[in-house]
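Student: Sequence and predicted structure, then a few things I'm wondering about:
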Amino acid sequence: MAATLKMTHKAIGAEVRRGTYDIVVDGQRAGSVEMNETTEIPIEAGRHTLQIRSGRNSSRTLTFEAAENRAVSFRCTGKSPLPIFLASFVVPSLALHLRREADDGAL
């Protein structure tokens, strides 16, 4: 019962928080993704939580379902509008953003 988590670190325009992001699946570090790169991580089919981290900065935790023999795709970025960027110094979980992309389909 395997699935794939596909994470792309990409921003359009300038991004202040550009470093390597750790990928956290179900509370455990599962890998990392560099700026302008894509990482694929094998995961078990079923319900999972996902977060990205970079030092004290993180995204909010998302929950997703992974179907057997399917890929689940997300895009992450550290780019945000100025008010959210400034608020992230007080609330670090606003610093990074995760967005689900269209799934790639069968593996």
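Tutor: That came through fine. Residues are numbered from 1 along each chain as shown.

Student: Helix or strand, whichever it is, which one in the protein has the lowest mean pLDDT?
Tutor: Scoring the helices and strands of the chain by mean pLDDT, DSSP states H and E places strand 105-106 at the bottom, with a mean of 58.

Student: now the strands for the chain?
Tutor: In the chain, the segments counted as strands under DSSP state E are 2-9, 21-25, 28-33, 37-44, 46-54, 57-58, 62-66, 70-77, 97-100, 105-106.

Student: could I get those strands as CSV with distance to F89?
Tutor: Using the backbone N, CA and C atoms, a C-beta is placed for each residue, glycine as well. CSV is the format used below for those (distance: least, CB to CB, whole Å):
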stretch, distance to F89
strand 2-9, 21
strand 21-25, 18
strand 28-33, 23
strand 37-44, 27
strand 46-54, 14
strand 57-58, 10
strand 62-66, 22
strand 70-77, 17
strand 97-100, 16
strand 105-106, 40
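
Student: Quick one, which of the ones you listed gets closest to L86.
Tutor: Nearest to L86 among these is strand 57-58; the distance by CB to CB comes to 13.4 Å.

Student: hmm, back to that, if I average pLDDT within each of the strands of the chain, which one is lowest?
Tutor: Lowest mean pLDDT within the strands of the chain: strand 105-106, at a mean of 58.

Student: on that earlier part again, want to throw the strands of the chain into CSV with distance to P83 and mean neighbour count?
Tutor: Output for the strands of the chain, formatted as CSV (distance: least, CB to CB, whole Å; neighbours: other CB atoms under 10 Å):
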stretch, distance to P83, mean neighbour count
strand 2-9, 23, 19
strand 21-25, 22, 21
strand 28-33, 26, 15
strand 37-44, 29, 14
strand 46-54, 20, 18
strand 57-58, 16, 19
strand 62-66, 22, 14
strand 70-77, 16, 19
strand 97-100, 14, 15
strand 105-106, 37, 8
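
Student: Which one of the ones you listed lies nearest to V91?
Tutor: Across these, closest to V91 is strand 57-58 (CB to CB), at 10.0 Å.
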